[in-house]
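Q: coords please:
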Amino acid sequence: MVDSAEVWRMSLVERRQQDRAAQTRDTILDAAAKVLFEEGYSAATTLHIQQVAGVTRGRLLHHFPSREMLLTAAVHHLAEVRIAELTAGVTIPDDLSDRIRFAVEAMWNITGQSCFWASMELWMGARTANPELREALSGVEHRMLGILRDRADELFGAEVTARPDYVRTREVMITSMRGARLAYTFHPRDPETDPSLGYWEAMFAEIVGSRG
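A: Got it, this is the predicted structure:
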């Protein structure tokens, strides 16, 4: 006969172990993202990340057997957390013009977050000397683009996303926003007054005003 109290106890122990494992994984990912953003790709060794995370070598390798797996997972983790935080609980305007302006500004803020710069560090590492990282990064880049696209669709809303040219315009916006952010490395300025904001708003206003 099965002892129900023993089954419950074992189930509780298992859940606690899973919770601890999840917490450890998040701690490692947070540390890896922090090192990437603040110190760059060359500093993001598994040893340094282990030290920043405050975990044992064995525990880190249990969750992430390779540096490439760890760094790409860290960028994706950072993107999901920061993008969710940025737009959580915001009130999206009902007026169409105001909504377009709001959506463009929100997407511009998203592309300026630490996850963007962390991903840039990985891109450079993959381009110059690490084919294994390049292969791993292709998957996370696809997922990150998916996050950006989904968030843009939600922010712009059905009236804009239903337009025939919306997808093309969205892709132009995301690509050009990323490029503009890179230029800030050499030509820093106030992102809140960037002249490109007006250009991006005009692109969406045009597709809404066009017939299709």
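
Q: Now do the contacts for the closest residue to Leu60 other than its chain neighbours.
A: Leaving aside its chain neighbours, Leu60 sits nearest to Gln50 (4.9 Å; criterion: C-beta to C-beta, 6 or more residues apart in numbering). The way it works is simple: take the backbone N, C-alpha and C, and place the C-beta from them, glycine included. With contact set as C-beta atoms under 8 Å, 6 or more residues apart in numbering, Gln50 has these partners: 28, 56-57, 60.

Q: can I have stretch 22-31 written out in CSV, keeping just the CAs?
A: The C-alpha coordinates for stretch 22-31 follow below in CSV (Å, rounded to 0.1, in the frame of the first residue of the first chain):
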residue,chain,number,x,y,z
ALA,A,22,15.7,27.3,-11.5
GLN,A,23,16.9,30.0,-9.1
THR,A,24,20.5,28.9,-9.7
ARG,A,25,20.1,29.0,-13.5
ASP,A,26,18.6,32.5,-13.3
THR,A,27,21.5,33.6,-11.1
ILE,A,28,24.0,32.3,-13.6
LEU,A,29,22.2,33.9,-16.5
ASP,A,30,21.9,37.3,-14.7
ALA,A,31,25.7,37.2,-14.0
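
Q: In this structure Arg59 contacts Thr24, no?
A: Yes. At 6.1 Å, Arg59 and Thr24 qualify as touching, with contact defined as C-beta atoms under 8 Å.

Q: for the residue nearest in space to the middle of the chain, what are its contacts?
A: Taking C-alpha atoms, centre = their mean, the centroid of the chain lies closest to Ala79, which sits 1.8 Å from it. The contact partners of Ala79, taken as C-beta under 8 Å, 6+ apart, are 113, 115, 119, 144, 147.

Q: So for it, what's the pLDDT?
A: Model confidence at Ala79, given as pLDDT, is 75.

Q: Any chance of JSON lines for the contacts of Ala79, columns neighbour count?
A: Compiled in JSON lines, the contacts of Ala79 are given as follows (neighbours: other C-beta atoms under 10 Å):
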{"residue": "Gln113", "neighbour count": "18"}
{"residue": "Cys115", "neighbour count": "25"}
{"residue": "Ser119", "neighbour count": "24"}
{"residue": "Met144", "neighbour count": "21"}
{"residue": "Ile147", "neighbour count": "16"}
